Each structure stands twice: as structure tokens, then as C-alpha cells.
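**Student:** can't give you the sequence, but here's the structure:
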């Protein structure tokens, strides 16, 4: 096992253990918000707030923009702008080099298969369907391993809340995606729920069985009720054409039978309620509606905001990410989903006002990352010079050929390396058999990557283990690097190059379109203001910790904003 990985685990695990001892209350609880709500919208660029503002209702995004605190210049400080690292940073205030969530998944060095960042065989799923009821023959769903936050190596804000106030504070996290819910909630959350197929589920890490209210919600079959229903535009077609252009545009996909134009029926490409239908449903805005209703049930059932000490609710709206990947940021589909999300947020805030009182809540809204335009839709002359789709198969072939040229064929039944996210990981047994050092092999990979026309730069592991300083690309890459989970050699694509070969868009780079996200505040103590000063997502946890009277993590890289 990589020596740097062992050292990092030793250091971080010991530091995390030091944070487990409860610390005393600070400040007057009566002047703190009764409920802190952290909302993350997956793949939500800041400019969506400007582009679609004329179509927002009063109580949704405009509640933050017109009556709250709007930081217009908020960016991530890490390079790998993926869902899991983003949500872990939102929750902890630190980056992957400390919290350990280097990607949505990574190569498991024991069996060389991809491992989900929240995968945990010891924490079985609860509440999941056992079969696809309407599929021919009652086809069984794909088996899934358990889920938990055990790979997250530092405390979240919710963990610190529980350590300070004990069981009187409730922490509930809910999202469409498992990694969003689990990583925002943290290790000590009362519960984390996520939508899988037609049900909200959890794992035995949190509880032995779903509470009655959650099981009852699932029995309403709100997801499967959408089978055969139509998704059409919420607003007149001319408004979409004016902002986003034509409905059928280059770079869009026909995703699971949804087609490329409005209106579209939600049946899935297989025509029955099964895996294809569920994937199609996830792309539609109706998955946001179902999530919002489940959040309402949780607020009431868990009596959030009505305990002796502050509670915390984390909500991850993941649907924008699904539609962006399928149709791109300039699609009519994306616009429709953002406009509908605005209504769902307005409904959620109205519900909070009636059950808790918004004057007792503190709400922050942000995103885990942005997104690149689809290369086919890029119009800026400078951007068009590099805009393209990366052929990863060709990249793999080029890297492997360079290693063979330098060192010969790998031993029988062995391999030189595997691509893992934005990088390559070397196989130690092949190096040992050939008597080659890792540094020698990394040098070959880096050199050939730098000759590839769509790659901006690359870094070997020896360059990534130093403490990051500043905002250079190297520093951002260092913040995303965790030994044993990150690749041995990482690369950064040129601007507007995406590693999605067919259609839609992607993210994961340190360029502005991926790092620039909203940071909106509303509620207790917040005065209306538009601030253009540079801030980061890493600032959210120190700020909330200060407001709640919690101990700010010794690892915190952000600052208290107010």
C-alpha cells in the first residue's frame, strides 16, 4: 500500500479522534437560529441565477437574491470539481487533501475495481425495493453494497453540532443522491436519506429500519405514479427560445426514451417500470418535486426547529446535474428544470415558515460544482479553439504505448496502469517485476500526457503531496489530492474540453465554469446585500460554526464571513 496513504490515514485519523471529545456550549442558545438549513443544488452555475432570474417567483431564489445576502464571486479552491468532493467540502469546510473524499469513486488498490466514495459493506441498505414489481418476470434489481460516511475523515458541521449540544439537536440529511446526503449529514447525523428507484432509503449505519413516516411516504408510490405522464415546458415556448435557443440543438442526447424535444413521455426506453424508467425519471423535474415533499414530511415528523437546541437540515437537489449531463447547460430542458426548481424551493421555504418560522431559520444555498457548456454550443472565438470532447480510449492507448516503449510489455497477466477519473494509477506488481521505480513510470506518463493536444497540464504524485499555497493550478490540484485514493499522475483538461464523448456536458476541472457557484444566505441575522468580494465554499462552515457557537475545525481553510 502507498506509504503516503498510510501516513495520511494515520495523521488524519488521529486528528479526527481528537475532535471526538465533546466541547462545552458557547454563547446564548436563545439567540441562535432554531434550524440551520444547508441547500446544495448539484451542478448549479452561479450565472443561472442571472440568466433565469426574470422567470423566478418571489419566494424561491428571489427570496435570497432580493432579501438575503448574495455573494456573487464564490468559487471552489480545489481542482476536481465533482459531486462528492464538493459536498464533503460544503459540510466540512476543508478540501479532499484533508477530508479524504478525492472523487465520486476511486480505484480500490486491493482488487483494482472502482469503489464508490460512500460504499460500506458493513452498513447494509434499508428500505430498498427487492424487485422491480412491474418488470416482466419480476426481474430483481441490481444488488447494491451498503453505504455510510466512514470514508469521510473529518467532522462535518452537523457532527460538531451533535458534539456540542448532544441528542437534543437533530441532524437530518436528504438528497436524490446517496453521496450528497451522506457526506452533507456526516458521521453523527440522526439520519441520511436518498432516492433509489421508487423509494427513499437509508443504511444500517444510521438505523435498523426506516421510521414509520418514511415507510409510509414510500408506500404512496409517488415515483411510479409518473410512469406514462408527460413532461412539457412550464412556460411558453417562446421564452425558452429567447434564452436558450432551439429545442433540438447539437450536443443533446436522447436519454432513456425521453427524446430530444418537448413534450416527452416518461416511460423509459423499455416501456415498463424498471431501471430505464427510473433513470429517465431522475432526469425530469418531477424527481425534485418528490424530494421536496419528502423533505416536508421529515421536517414535520422529526419536529425540526422545535427542540431546545439548534437543529440542522441538509437538502441536496441533484436533478439539475442529471439534466445537465444529458442535455447541456444551454438546453431548454435545463432552463425548465431550473425554473421548476425555483418553485420547489419556494414551496419548501413556505413550508418552513409555517412549521418553524423563517425568522427562526438560517438558510444557506450553494452548489457542489458548476458545468462546462457542451462543446457544440460554445460560441466564443477563444473558447472554440479548444472546445471538444476527449477521446479517453485514444488517451489510454497513447499512455499504454508510451509505457511499453519505455519499459517493454508488462508481465503476463499484469498491466502498467489504469485510468481513474482525471489521472492514471500505476500497478505496483508490474513495476516491481520490471525493477522500475514509481517515479520513473510517473515521469513517462506525465511526459506523454503533456503532448496530448487536449490536456493543459499534468502533475506526478511527488508534486502533489506538499501543503497547497495560493490559487495556482498546482495548489488547487494539491487540495484535491489524497494519497491512495487519488491517481498517481493527474491531468487537467484544456478549457472547454470535456471527457464525455457522446452528448451533454460534464464538470471536474478547476476552470471558472466549474468552480463558480452560488453562496446565498437568508434568515436570522442576515441583511439584504449583494457582495462582490471573493469568497469560497470553504467559508460556509467557519461562518456557521461562529454563529452556532461551535468549535471551528483546526483544519479549516476558510474564513468567517460575518
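**Tutor:** On my side now, so go ahead. Keep in mind it's a predicted model, so treat the numbers as computed, not measured. Residues are numbered from 1 along each chain as shown.
**Student:** the host helix or strand of residue 365 pairs with which strands?
**Tutor:** Using DSSP states H and E, the element containing residue 365 is strand 361-367. Strand 361-367 pairs in its sheet with strand 35-41 (parallel), strand 519-523 (antiparallel), by DSSP bridges.
**Student:** chain center to that strand, what's the gap?
**Tutor:** The chain centre lies 16 Å from the centre of strand 361-367; the measure is CA atoms, centre = their mean, to the nearest Å.
**Student:** what does that strand rub up against?
**Tutor:** 33-45, 64, 74, 86, 90, 305, 345, 349, 352, 517-526, 537, 540, 544, 547 (CB atoms under 8 Å, 6 or more residues apart in numbering). Yep, even glycine has a C-beta here, placed from its N, CA and C like the rest.
**Student:** next secondary structure element downstream of that strand?
**Tutor:** On the C-terminal side of strand 361-367, the nearest following helix or strand under DSSP H and E is helix 381-384.
**Student:** who are the packing partners of the following helix or strand past that following helix?
**Tutor:** Remark: after helix 381-384, the chain's next helix or strand is strand 388-389, criterion DSSP H and E. Counting contacts by 3 or more CB pairs under 8 Å, 6 or more residues apart in numbering; DSSP states H and E, strand 388-389 is packed against strand 497-498.
**Student:** find the helix or strand that residue 294 is a member of.
**Tutor:** helix 286-301.
**Student:** give the pairing partners of whichever helix or strand comes after that helix; include direction for each.
**Tutor:** The C-terminal neighbour of helix 286-301 among helices and strands, as given by DSSP H and E, is strand 311-317. Here strand 311-317 has these sheet partners by DSSP bridges: strand 35-41 (parallel), strand 171-175 (parallel).
**Student:** quick one: strand 311-317 to chain centroid distance?
**Tutor:** Distance of strand 311-317 from its chain centroid, counting by CA atoms, centre = their mean, is 14 Å.
**Student:** pull the residues that contact that strand.
**Tutor:** By CB under 8 Å, 6+ apart, strand 311-317 touches 34-42, 87, 91, 157-158, 161, 169-177, 180-181, 184-185, 288, 291, 295, 298-299, 302, 304-305, 341, 344-345, 348.
**Student:** pull out the buried positions in it.
**Tutor:** Buried residues in strand 311-317, counted by 16 or more other CB atoms under 10 Å: 311, 312, 313, 314, 315, 316, 317.
**Student:** show me which of these is closest to residue 197.
**Tutor:** Using CB to CB, residue 316 comes nearest to residue 197 of the buried residues of strand 311-317, at 17.4 Å.
**Student:** which one is residue 200 nearest to, not counting chain neighbours?
**Tutor:** residue 193 (4.7 Å; CB to CB, 6 or more residues apart in numbering).
**Student:** what is the three-state secondary structure of the one you found?
**Tutor:** Under DSSP: H, G, I helix; E, B strand; the rest coil, residue 193 falls in the strand class.
**Student:** tell me who's in contact with it.
**Tutor:** With contact set as CB under 8 Å, 6+ apart, residue 193 has these partners: 172, 173, 174, 175, 181, 200, 201, 202, 214, 294, 298.
**Student:** wouldn't the fifth one be in contact with residue 171 here?
**Tutor:** No. With contact defined as CB atoms under 8 Å, residue 181 and residue 171 do not form a contacting pair (11.6 Å).
**Student:** between these two, which has more neighbouring residues?
**Tutor:** The residue with more neighbours, out of residue 181 and residue 171, is residue 181; 30 against 26, by other CB atoms under 10 Å.
**Student:** doesn't the more buried one lie inside a strand?
**Tutor:** No. Counting by three-state DSSP, residue 181 is not found in a strand; it is helix.
**Student:** quick check, pLDDT for it.
**Tutor:** If you check residue 181, the pLDDT there is 98.
**Student:** kindly report the same for residue 288.
**Tutor:** 98.
**Student:** go on, residue 263?
**Tutor:** For residue 263, the predicted pLDDT is 97.
**Student:** ok, now which ones touch the closest residue to it other than its chain neighbours?
**Tutor:** Leaving aside its chain neighbours, residue 263 sits nearest to residue 232 (3.9 Å; criterion: CB to CB, 6+ apart). Taking CB under 8 Å, 6+ apart as the criterion, residue 232 is in contact with 262, 263, 264.
**Student:** can you tell me which of the strands paired with strand 361-367 is most buried?
**Tutor:** Highest mean neighbour count among those (mean count of other CB atoms under 10 Å): strand 35-41, with a mean of 26.
**Student:** and the contacts of the following helix or strand past it?
**Tutor:** The helix or strand immediately downstream of strand 35-41 is helix 47-51, counting by DSSP H and E. For helix 47-51, the surrounding residues in contact (CB under 8 Å, 6+ apart) are 61, 65, 70, 243, 338, 516, 518.
**Student:** hmm, try it at 10 Å
**Tutor:** The set of residues external to helix 47-51 that reach it, using CB atoms under 10 Å, 6 or more residues apart in numbering, is 41, 45, 56, 61-62, 64-65, 70, 72, 243-244, 320, 329-330, 334-335, 338, 341-342, 365, 367, 370-371, 513, 516-518, 520.
**Student:** now the element after it, going C-ward?
**Tutor:** Per DSSP H and E, the first helix or strand lying C-terminal to helix 47-51 is helix 61-67.
**Student:** strands paired with the very next helix or strand once past that following helix, and their directions?
**Tutor:** Sequence order places strand 69-71 as the next helix or strand after helix 61-67, per DSSP H and E. Here strand 69-71 has these sheet partners by DSSP bridges: strand 519-523 (antiparallel), strand 529-531 (parallel).
**Student:** any idea which helix or strand comes after the last one?
**Tutor:** Using DSSP H and E, the next helix or strand after strand 529-531 towards the C-terminus is strand 535-536.
**Student:** distance between that next one and the chain's centre?
**Tutor:** Distance of strand 535-536 from its chain centroid, counting by CA atoms, centre = their mean, is 18 Å.
**Student:** residues in contact with the closest residue to residue 45 other than its chain neighbours?
**Tutor:** The shortest distance from residue 45 to any non-neighbouring residue, by CB to CB, 6+ apart, is to residue 370 (4.0 Å). The neighbours of residue 370, taking CB under 10 Å, 6+ apart as the test, are 43-48, 75-76, 81, 86, 324, 329, 505, 507, 509, 511-518.
**Student:** against residue 106, how distant is residue 370?
**Tutor:** 22 Å (CB to CB, to the nearest Å).
**Student:** please apply the same query to residue 154.
**Tutor:** To residue 106, residue 154 is 18 Å away according to CB to CB.
**Student:** okay, these two: which has more neighbours?
**Tutor:** Neighbours were tallied for residue 154 and for residue 106 using other CB under 10 Å; the higher tally belongs to residue 154 (25 against 22).
**Student:** against residue 486, how distant is that one?
**Tutor:** Separation of residue 154 from residue 486 (CB to CB) stands at 17 Å.
**Student:** hang on, the earlier thing: what do residue 181 and residue 171 both touch?
**Tutor:** The overlap between the contact sets of residue 181 and residue 171 (CB under 10 Å, 6+ apart) consists of 189, 191, 192, 314.
**Student:** number of nearby residues for residue 230?
**Tutor:** Counted with other CB under 10 Å, residue 230 comes out at 10.
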